[in-house]
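K.L.:
When you get a sec, could you give me coordinates for this:
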Amino acid sequence: MKTFKQYLTESTKEHKFTLRFCCDLDEAQENRIETFLTKYDLKSISKTSTTPITKNPMFFKDVENSKVSKIDIVTGYPLSADILRQQLSDLLGMHLTHVAVHPEGWEPEEEVVDEDKEALLASDYDETSDDGKTYGKTFVDKFLNDLEKKEHDVVENELSIKPKSDPAPEQMPKDEKSTPSVITGDEND
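P.N.:
Numbering: from 1, shown residues only. As a prediction, this is how the structure comes out:
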């Protein structure tokens, strides 16, 4: 039978991520990243590789004409790629769109352009109307009338407060003799 230590050492997993930054990282920034990742039990970190400037860098849709720096890391603790992306953005003072974190080996899916679809503006104009079902004066008038009805309707359910069936008793005439006080037991005159 295996001991707990053996199970524990066998159960350790490594979590591999690729970090991409839409800039050229200097040595100080690389050191900050490495120091920061020690809290996630950093097992290994690769040297930074940088691509030449490209018009539309892969993994960054909103950025143009930039270098991309890439670092591969292996951590002992599991972590979320989105949270790590936010933390690295804050750590380096970069905009969130300039940082990409994803599991190692992941590649973005290319957008498939369907050339068989016809442009909507090229189709004939349909002149039929919906007769006030979704727009127009008749729709607005009907909507406002429905609102007025809802304001005056009383909705009753099991949680509604029901009015008492007994009318409130009239005040006691002053001629009657008062009853003894419940608190003191004295009679009031």
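K.L.:
which residue ranges form the helices in this structure?
P.N.:
4-10, 27-37, 81-92, 137-152 (DSSP state H).
K.L.:
nearest to residue 49, of the ones you listed?
P.N.:
Closest approach to residue 49 among the helices of the chain (C-beta to C-beta): helix 27-37, 11.6 Å. Any C-beta I mention is one placed from the backbone N, CA and C, and that applies to glycine too.
K.L.:
Could you dump the helices of the chain into JSON lines with mean neighbour count added?
P.N.:
What follows is these, written out as JSON lines (neighbours: other C-beta atoms under 10 Å):
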{"stretch": "helix 4-10", "mean neighbour count": "9"}
{"stretch": "helix 27-37", "mean neighbour count": "14"}
{"stretch": "helix 81-92", "mean neighbour count": "16"}
{"stretch": "helix 137-152", "mean neighbour count": "10"}
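K.L.:
Format the ones you listed as a markdown table; extra columns: mean pLDDT.
P.N.:
Shown next, in a markdown table, are the helices of the chain (pLDDT from 0 to 100):
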| stretch | mean pLDDT |
| --- | --- |
| helix 4-10 | 79 |
| helix 27-37 | 93 |
| helix 81-92 | 92 |
| helix 137-152 | 76 |
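K.L.:
okay if I get those helices as a markdown table plus distance to residue 66?
P.N.:
Compiled in a markdown table, these are given as follows (distance: least, C-beta to C-beta, whole Å):
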| stretch | distance to residue 66 |
| --- | --- |
| helix 4-10 | 43 |
| helix 27-37 | 15 |
| helix 81-92 | 15 |
| helix 137-152 | 50 |
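K.L.:
Quick one, which of those gets closest to residue 70.
P.N.:
Comparing those by their distance to residue 70 (C-beta to C-beta), the top pick is helix 27-37, with 11.8 Å.
K.L.:
Which residues does the closest one contact?
P.N.:
For helix 27-37, the surrounding residues in contact (C-beta atoms under 8 Å, 6 or more residues apart in numbering) are 19, 25, 42, 45, 48, 71, 73, 75, 87-88, 91-92.
K.L.:
Is residue 99 bridged to anything, and to what?
P.N.:
Assessed by DSSP bridges, residue 99 has beta-bridge partners residue 21.
K.L.:
related to what we said a few turns ago, of all the helices of the chain, which lies closest to residue 62?
P.N.:
For the helices of the chain, the distance to residue 62 is smallest for helix 81-92, at 13.8 Å, taking C-beta to C-beta.
K.L.:
Fine, thanks again, bye for now.
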